[in-house]
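Engineer: here is the input, now give the coordinates:
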Amino acid sequence: MFKTSTPILASLNEAETIAFYTEKLGFTLHTNNNGYLIFTRDDINVHLFGCDDPQGCRNMGCYIYVTDIEQLYQEYQQLGLIHPNGGLRMMPWGLRQFAVVDNNGNIFYFADHKPPKN
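Structural biologist: Numbers count the residues shown, from 1 in each chain. All right, here's what the predicted structure looks like:
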């Protein structure tokens, strides 16, 4: 029944968020409707709403499932985006994942169900 989902996260600074998502994460800005931002990359959409309260808007996040996790991990590692405690690893619940925190404090877990290559 369910097919896809779109996270709606907080943005503390519109210009910095646009730069981070387009220049670092490789997303394309699809829409900017008075600070409500919609980004796309492949079949993934991420929405961000303007937020003025840094404490109230932090600690949001989502999982994004990918097909070539090693390639994406290397891409983001070269840009210094990997969370210090979020390196690529197999989790007890059966996902290989790594973590990135955006400029607003939102955490992204990029995950793959496939076992690591030998």
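Engineer: show me where this structure has strands.
Structural biologist: 8-11, 28-33, 36-41, 44-50, 61-65, 89-90, 96-101, 107-112 (DSSP state E).
Engineer: closest to Gln77 out of these?
Structural biologist: strand 96-101 (8.5 Å; CB to CB). For the C-beta atoms, the positions are set from N, CA and C on the backbone; glycine is no exception.
Engineer: export the strands of the chain to CSV and tack on distance to Ala19, mean neighbour count and mean pLDDT?
Structural biologist: What follows is these, written out as CSV (distance: least, CB to CB, whole Å; neighbours: other CB atoms under 10 Å; pLDDT from 0 to 100):
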stretch, distance to Ala19, mean neighbour count, mean pLDDT
strand 8-11, 12, 20, 94
strand 28-33, 10, 12, 96
strand 36-41, 11, 18, 96
strand 44-50, 13, 18, 95
strand 61-65, 20, 15, 92
strand 89-90, 29, 11, 94
strand 96-101, 15, 20, 96
strand 107-112, 16, 19, 94
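Engineer: possible to save those strands as CSV with distance to Leu81?
Structural biologist: Shown next, in CSV, are these (distance: least, CB to CB, whole Å):
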stretch, distance to Leu81
strand 8-11, 16
strand 28-33, 17
strand 36-41, 14
strand 44-50, 15
strand 61-65, 13
strand 89-90, 16
strand 96-101, 5
strand 107-112, 9
